[in-house]
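Peer 1: okay, structure incoming, though there's no sequence with it:
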């Protein structure tokens, strides 16, 4: 439950910015300018919004590695508490941002906690649950993140008439979770036993011996999955906002449309999470990742080879959510068992979150891939090119390891 709630608040805090990026950055730049932005200044909004998202993803990667190391030394439960407190406080701090670079700093620090929470939470669940529960547990954990994203969509919808900084105050709520974690969530027995026998190995252990191959392959796999997913999550709402049918509509109405579309395809993603994990149970992780990435490639190609129309955008987005986002349900309990106990949170945090450095670069490169992100055509073109990353992803899938037999998700 602690890990699920942590995931849910991760989704809430992370997705709020995705939905509100453009109006939020526009408001901050307008206040800095002392009045309405001219045409040249409006062009800066997209670049600064993307830069802030890229820095957020960098912070996520750094947090995964740093708190991953702390999790192996201090314990999973204690680290979970620290990470939740970090991202809660600095998500709420967005309300006090006066300039766009204030926002950039607050998002970076919040991301440190979000990245660390994934590493600590996945290791905690991996070491606590019996094997037979892990197929549904992996999907349920990822569902927590999606529930948080859906909550963010509702918050953005309900507060669409307010200053775009105001919804981020909701992000303070997770801080209360730390009080419960501290008193109710014990450290896993196998970590306690292992930590008594020896100190955690050096970070270099991830890149030596048999672990080196695992570390490299997992990093490549997650980098591709994260880059494609975050490009879609970040630029998808912007594409909807720029559809011809949205022209001339009040900003509040456009925001409500974006929120409802997000809620629907994220709900589809919940079903996809369980489909993905049970697919992995029946055919193995290697084949499951291959099939889901192949379907994701097809979904990106069909959706973005020309800009979607308002009457079909929801169907296409649901296809992408089912395959490209659904495969993330495999990661929480696939990655941790591939690493020894005393480098488990470090290994999980590093291999999963370092991919966000690639995602950050992808977010910025996507700005160049489209001829102009001021139009639906430009956004769609950028996303189409990002989707081609699934081709090398399919090659990586052929070589990734299966978890040890005694760690593999058990039958329902």
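Peer 2: Thanks, I have the structure now. This structure is a prediction, so every number in the text was calculated from the model and none was measured.

Peer 1: can you check the pLDDT for the nearest residue to residue 328 once chain neighbours are set aside?
Peer 2: With CB to CB, 6 or more residues apart in numbering as the criterion, residue 328 has its nearest non-adjacent residue at 5.5 Å, and that residue is residue 142. Placement of C-beta: from N, CA and C, glycine included. Per-residue confidence for residue 142 comes out at a pLDDT of 82.

Peer 1: so what's residue 142 up against?
Peer 2: 7, 273, 328, 329, 331, 332 (CB atoms under 8 Å, 6 or more residues apart in numbering).

Peer 1: which residue in those has the weakest pLDDT?
Peer 2: Lowest pLDDT among the contacts of residue 142: residue 7, with 76.

Peer 1: just to revisit the earlier point, so of the contacts of residue 142, which ones are in helices?
Peer 2: Using DSSP state H, the members of the contacts of residue 142 that fall within helices are 7, 273, 331, 332.

Peer 1: any idea which of those is closest to residue 392?
Peer 2: Of all these, residue 331 has the smallest distance to residue 392: 18.2 Å, by CB to CB.

Peer 1: could you double-check that the closest one lies in contact with residue 355?
Peer 2: No. Using CB atoms under 8 Å, residue 331 is not in contact with residue 355, being 10.1 Å away.

Peer 1: need the residues touching each of these two.
Peer 2: Taking CB under 8 Å, 6+ apart as the contact criterion, the residues that touch both residue 331 and residue 355 are 222, 225.

Peer 1: ramachandran coordinates for residue 200?
Peer 2: Here is the backbone geometry of residue 200 (degrees, to the nearest 10): phi -60, psi 140.

Peer 1: just name the shakiest helix or strand of this protein by mean pLDDT.
Peer 2: Using mean pLDDT, DSSP states H and E, the weakest-scoring helix or strand in the chain turns out to be helix 355-369, at a mean of 68.

Peer 1: by contact count, what packs against the helix or strand just after it?
Peer 2: Proceeding N to C from helix 355-369, the next assigned helix or strand is helix 376-387, under DSSP states H and E. Using 3 or more CB pairs under 8 Å, 6 or more residues apart in numbering; DSSP states H and E as the contact definition, the elements that helix 376-387 packs against are helix 209-241, helix 285-304, helix 355-369.

Peer 1: buried residues, helix 376-387. List them.
Peer 2: Within helix 376-387, the residues that count as buried by 16 or more other CB atoms under 10 Å are 376, 377, 378, 379, 380, 381, 382, 383, 384, 385, 386, 387.

Peer 1: contact partners for the fifth one?
Peer 2: Meaning residue 380. 239, 304, 306, 307, 308, 370.

Peer 1: distance of the residue lying closest to the first one once chain neighbours are set aside relative to residue 148?
Peer 2: This means residue 239. Take residue 239 and drop its neighbours on the chain: the residue closest to it by CB to CB, 6+ apart is residue 379, 4.2 Å away. Between residue 379 and residue 148 the computed distance is 24 Å (CB to CB, to the nearest Å).

Peer 1: now do residue 283
Peer 2: Taking CB to CB, one finds residue 283 at 29 Å from residue 148.

Peer 1: okay, those two: which has more neighbours?
Peer 2: Looking at residue 283 and residue 148 with other CB atoms under 10 Å, you find the greater number of neighbours at residue 148, namely 25 against 12.

Peer 1: where's the more buried one relative to residue 171, distance?
Peer 2: Taking CB to CB as the measure, residue 148 and residue 171 are separated by 10 Å.

Peer 1: got any residues that touch both of these two?
Peer 2: With contacts taken as CB under 8 Å, 6+ apart, residue 148 and residue 171 have 9, 12, 13 as neighbours in common.

Peer 1: out of the helices and strands packed on helix 376-387, which comes closest to residue 317?
Peer 2: Evaluated with CB to CB, these place helix 209-241 nearest to residue 317, the distance being 6.5 Å.

Peer 1: buried set for the closest one?
Peer 2: So for helix 209-241, counting by 16+ other CB under 10 Å, buried means 211, 214-215, 217-241.

Peer 1: so which elements touch the helix ranked longest in the chain?
Peer 2: Scanning the chain for the longest helix, with DSSP H as the assignment, gives helix 39-74. With contacts defined as 3+ CB pairs under 8 Å, 6+ apart, the secondary structure elements packing on helix 39-74 are helix 2-33, helix 76-92, helix 100-128, helix 209-241, helix 344-353, helix 355-369.

Peer 1: quick one: buried residues of that helix?
Peer 2: Neighbour counts over helix 39-74 (16+ other CB under 10 Å) mark 45-46, 48-72, 74 as buried.

Peer 1: circling back to that earlier point, of the shared contacts of residue 148 and residue 171, just the buried ones, ChimeraX syntax please.
Peer 2: Here is the ChimeraX command that selects only those of those that count as buried (16+ other CB under 10 Å):
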select :9,12,13
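
Peer 1: from the shared contacts of residue 148 and residue 171, pick the one nearest residue 80.
Peer 2: Comparing the shared contacts of residue 148 and residue 171 against residue 80 with CB to CB places residue 9 closest, at 11.4 Å.

Peer 1: and that closest one, how close does it get to residue 52?
Peer 2: When CB to CB is applied, the distance between residue 9 and residue 52 equals 20 Å.

Peer 1: repeat that for residue 105.
Peer 2: With the distance defined as CB to CB, residue 105 ends up 10 Å from residue 52.
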